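> what's the 3D shape of this:
(3 chains)
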Amino acid sequence: MAVASDLFNDKLFRQLAFYTVVVFVKMTVVQMATTFYRLTKHIYANEEDVKGFVGDKKDVAVVTNDVDVERVRRCHQNDLENVIPFIILGIFYVCSGPNPFLAAMLFRVFAASRIFYTVAYLAPLPQPSRTLMFMIGLGVNVFMAVNIFFSSSF
Amino acid sequence: MAVASDLFNDKLFRQLAFYTVVVFVKMTVVQMATTFYRLTKHIYANEEDVKGFVGDKKDVAVVTNDVDVERVRRCHQNDLENVIPFIILGIFYVCSGPNPFLAAMLFRVFAASRIFYTVAYLAPLPQPSRTLMFMIGLGVNVFMAVNIFFSSSF
Amino acid sequence: MAVASDLFNDKLFRQLAFYTVVVFVKMTVVQMATTFYRLTKHIYANEEDVKGFVGDKKDVAVVTNDVDVERVRRCHQNDLENVIPFIILGIFYVCSGPNPFLAAMLFRVFAASRIFYTVAYLAPLPQPSRTLMFMIGLGVNVFMAVNIFFSSSF
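Sure, this is the predicted structure:
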């Protein structure tokens, strides 16, 4: 192979790239939500943030346990714990020669489950809606892992 | 190259895929351990979790500093900080044309070190057993990084 | 394609590998900084760490809210949230057939922004220097994501 871009001739690889962007954008929205809450509620974890964004005169102190900020951060943390493994497993899964229709369906289901997970977390919606979405995403990851396992046995 | 699955003709790439699944499963066990402690000890970080899983009548409040849950979460966090870089470095390392025997040995050592790390953290075993396992895993990552560095100098 | 190492014939892929090592080393320095503060200030999050590294006789307790350790950990967490997505998006971006000069420039800008981010966080420098560095890194990621999005539309 001459160049890495030959991989983009593979439609399934392109689809994985597409859904990677979708979940990346979703994660970035959550990351921006943290910033939004920090700036609007003046919740800063560092002294220099208080100084730089509020100034010395106002009565703002460092806060590390704000309910809204911590909620968004838990959501972001759960993304890191599940979305990153999804993309990595996705790369190996695409390379393991899966059924293209099934694989594309799994990517869609995962992306949708994480979007609804975020809505359920930030709304927040009554449980077990959030846990259900989490389990669906985890299920996709486990399914891909099992398939990689059997395809990679050497 | 027509399809990404051609990469699975490379035995070393398949071995990386295999050990990626191994460390993913290990991470997922830790993630499930968090859920186990949350459900059995009624340690919930969100109001809606308390409502959904316990109900209003019982006297359960939001808790974010439970000793068992925080221990499992620190273990999971350390996984994120080390296992994800391992897989990513592993992909580049496999592409850098390493000695196949050495590379496969590194993957095995890393996977074993993370499994023992988890046992040492959750048992918990006396230190420095956990720190030793951490250093072994980090050593594998650094070794791969150094090799990628010299192979990728352009 | 016979072997994964054929990917290393692609100069841009090698450059991504190179800058992946750069940002990995930077992350590892931050990780080691945590260990440094823990050992020198006796800030341990686990009972067995206190026992193993300090001993029973001295008067050291478990601490989970030390200012220095938490600062380094926030820096490391921000790395996880941004550097890992950079590498993953970078892989897909390289495969999407970008302008090689632009792509290499983006990798350099990202790596530089994260190094200065770390300096700004750990010094600490007055805001908005740190936030500016964060925004530059995020901008690179978003730029790559947009390009992958349009290249992968199928």
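
> how about whatever helix or strand A:Val109 lives in: buried residues?
Element membership for A:Val109 (DSSP states H and E) is helix A:100-122. Across helix A:100-122, burial judged by 16 or more other CB atoms under 10 Å in any protein chain shown covers A:103-104, A:106-107, A:110-111, A:113-118, A:120-122. Heads up, the C-betas are built off the backbone N, CA and C, glycines and all.

> Tell me the helices and strands packed up against the helix or strand where A:Ile84 lies.
Using DSSP H and E, the element containing A:Ile84 is helix A:67-95. Applying 3 or more CB pairs under 8 Å, 6 or more residues apart in numbering or on different chains; DSSP states H and E, one finds that helix A:67-95 makes contact with helix A:11-41, helix A:100-122, helix A:129-152, helix B:11-41, helix B:67-95, helix C:67-95.

> is it possible to export these to JSON lines including mean pLDDT?
What follows is those, written out as JSON lines (pLDDT from 0 to 100):
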{"stretch": "helix A:11-41", "mean pLDDT": "92"}
{"stretch": "helix A:100-122", "mean pLDDT": "95"}
{"stretch": "helix A:129-152", "mean pLDDT": "94"}
{"stretch": "helix B:11-41", "mean pLDDT": "92"}
{"stretch": "helix B:67-95", "mean pLDDT": "93"}
{"stretch": "helix C:67-95", "mean pLDDT": "93"}
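
> Using JSON lines, lay out those helices together with distance to A:Asp59.
Listed next are the helices and strands packed on helix A:67-95 as JSON lines, based on distance: least, CB to CB, whole Å:
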{"stretch": "helix A:11-41", "distance to A:Asp59": "14"}
{"stretch": "helix A:100-122", "distance to A:Asp59": "29"}
{"stretch": "helix A:129-152", "distance to A:Asp59": "36"}
{"stretch": "helix B:11-41", "distance to A:Asp59": "37"}
{"stretch": "helix B:67-95", "distance to A:Asp59": "32"}
{"stretch": "helix C:67-95", "distance to A:Asp59": "20"}
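
> and of those helices, who's closest to A:Val62?
A:Val62 lies closest to helix C:67-95 among these, at 9.2 Å (CB to CB).

> Against chain B, how distant is A:Thr35?
The gap separating A:Thr35 from chain B is 21 Å, by CB to the nearest CB, to the nearest Å.

> Looking at chain A, which residue is nearest chain C?
The minimum distance from chain A to chain C, using CB to the nearest CB, falls at A:Gly52 (2.6 Å).

> which residues touch the residue sitting nearest the centre point of chain A?
For chain A, the residue nearest the mean C-alpha position is A:Asp79 (3.5 Å; CA atoms, centre = their mean). Listed by CB atoms under 8 Å, 6 or more residues apart in numbering or on different chains, the contact set of A:Asp79 reads A:Val23, A:Lys26, A:Met27, A:Val30, A:Arg114, A:Thr118.

> And the last one, how close does it get to A:Val54?
Distance of A:Thr118 to A:Val54, computed by CB to CB, to the nearest Å: 29 Å.

> can you check the first one too?
Plainly put, A:Val23 is 34 Å away from A:Val54 if you go by CB to CB.

> When the two are compared, which one has more neighbours?
Using other CB atoms under 10 Å in any protein chain shown as the criterion, A:Val23 and A:Val54 rank with A:Val23 on top: 23 against 15.

> which residue packs closest to the more buried one, ignoring adjacent ones?
Residue nearest to A:Val23 in three dimensions, not counting chain neighbours: A:Val83, with 5.0 Å by CB to CB, 6 or more residues apart in numbering or on different chains.

> tell me which parts of chain A are close to chain C?
Counting by CB under 8 Å from any CB of the partner chain, chain A comes close to chain C at A:1-5, A:7-8, A:11, A:13-18, A:20-21, A:24-25, A:27-28, A:31, A:45-49, A:51-53, A:64, A:76, A:80, A:84, A:87-88, A:91.

> What's the PyMOL syntax to select whichever of these are buried?
Those of these that count as buried under 16+ other CB under 10 Å are selected in PyMOL with:
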select buried, chain A and resi 1+3+4+5+7+8+13+14+15+16+17+18+20+21+24+27+28+31+45+46+48+49+52+76+80+84+87+88+91
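
> Got the confidence number for A:Lys51?
Here, the pLDDT recorded for A:Lys51 equals 83.

> who in chain A is up against chain B?
Counting by CB under 8 Å from any CB, the residues of chain A lying close to chain B are A:1, A:6-7, A:9-10, A:12-13, A:70-71, A:74, A:80-81, A:84-85, A:88-89, A:91-92, A:94-97, A:124-128, A:130-131, A:138, A:141-142, A:145-146, A:148-149, A:151-154.

> Narrow these to just the buried residues.
If we count by 16+ other CB under 10 Å, the residues of chain A next to chain B have these buried: A:1, A:6-7, A:10, A:12-13, A:70-71, A:80-81, A:84-85, A:88-89, A:91-92, A:94-97, A:124, A:127, A:130, A:138, A:141-142, A:145, A:148-149, A:151-152.

> separation between the residue in chain A positioned nearest to chain B and A:Ser113?
Closest contact between chain A and chain B, by CB to the nearest CB, is at A:Gln127 (2.6 Å). For A:Gln127, the distance to A:Ser113 (CB to CB) stands at 15 Å.

> ok, now A:Met133?
Applying CB to CB to A:Met133 and A:Ser113 gives a distance of 5 Å.

> next one: A:Phe53
Noted for A:Phe53: a distance of 35 Å to A:Ser113, by CB to CB.

> one step back: quick check: angle from the helix holding A:Val109 to helix A:129-152?
Going by axes from the mean of the first three to the mean of the last three CA atoms, to 10 degrees, helix A:100-122 is angled at 150 degrees with respect to helix A:129-152.

> How far away from the center of its chain is helix A:100-122?
Relative to the mean C-alpha coordinate of its chain, helix A:100-122 is positioned 10 Å out (CA atoms, centre = their mean, to the nearest Å).

> circling back to that earlier point, could you give the number of residues near the residue nearest to A:Val23?
25.

> show me what contacts it?
A:Val23, A:Lys26, A:Met27, A:Arg114.

> same question, A:Tyr44
Going by CB under 8 Å, 6+ apart, A:Tyr44 touches A:Arg38, A:Val50, A:Phe53, A:Val54, A:Val60, A:Val62, A:Val63.
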